[in-house]
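> Compute the structure for the input listed below.
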Amino acid sequence: MARRTDTNAERKYKDVRSYWDLQDPEHGRGLCNLLHKWVVEDNLAQGELENRPHFCHMEGVEEENTSGQSDESKINSYLGAVTNGIPQRTEKQETSEQRRMRECVRDRQNEWWGCDSGPRRKSKRCS
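Below you'll find the predicted structure:
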């Protein structure tokens, strides 16, 4: 049987290989300390920070289940917004500025048409 050869990445990250059971609080703290070391103390580049966790085995991590989420939480995530779209309001709620503008325009129209109940119909001669 042929033996598999290590890739460059496997050789590079052989010291990073580790096992973490995140149900165990001690393992959680250890992983947190390791990440802190990589980011703060070692000041690793972004690409390096993204590659290293691929060589760590983590158990006890629950996969994100979007089916059990409420509609409110679904729109707060990128996946929810892309999957369902952003819901539109069923009722149009008018802001106070819009209400004032509508009232000012209505009052101006009433002045222009010369009545208090709204615009009058134009006669056929005017059209």
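
> Can you name the element that comes right after the worst-scoring helix or strand of the chain on mean pLDDT?
In the chain, no helix or strand scores lower on mean pLDDT, DSSP states H and E than helix 71-74, which sits at a mean of 54. Next in sequence after helix 71-74, counting helices and strands by DSSP states H and E, comes helix 78-84.

> Show me what that following helix is packed up against.
helix 71-74 (3 or more Cβ pairs under 8 Å, 6 or more residues apart in numbering; DSSP states H and E). (Glycine included, C-beta is placed from N, CA and C.)

> can you give me the helices in this structure?
8-12, 25-36, 46-51, 71-74, 78-84, 96-113 (DSSP state H).

> Out of these, which gets nearest to residue 18?
Judged by Cβ to Cβ, the one of those that comes nearest to residue 18 is helix 25-36, at 7.7 Å.

> Can you give me the buried ones in the closest one?
By 16 or more other Cβ atoms under 10 Å, the buried positions in helix 25-36 come out as 27, 31, 34.

> tell me which of those residues is nearest to residue 82?
residue 31 (29.4 Å).

> got JSON lines for the helices of the chain, with distance to residue 18 too?
Output for the helices of the chain, formatted as JSON lines (distance: least, Cβ to Cβ, whole Å):
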{"stretch": "helix 8-12", "distance to residue 18": "14"}
{"stretch": "helix 25-36", "distance to residue 18": "8"}
{"stretch": "helix 46-51", "distance to residue 18": "14"}
{"stretch": "helix 71-74", "distance to residue 18": "32"}
{"stretch": "helix 78-84", "distance to residue 18": "29"}
{"stretch": "helix 96-113", "distance to residue 18": "58"}
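
> ranking those helices by mean pLDDT, which is last?
Lowest mean pLDDT of these: helix 71-74, a mean of 54.

> Please identify which of the buried residues of helix 25-36 is nearest to residue 105.
Using Cβ to Cβ, these come closest to residue 105 at residue 31, 61.8 Å.
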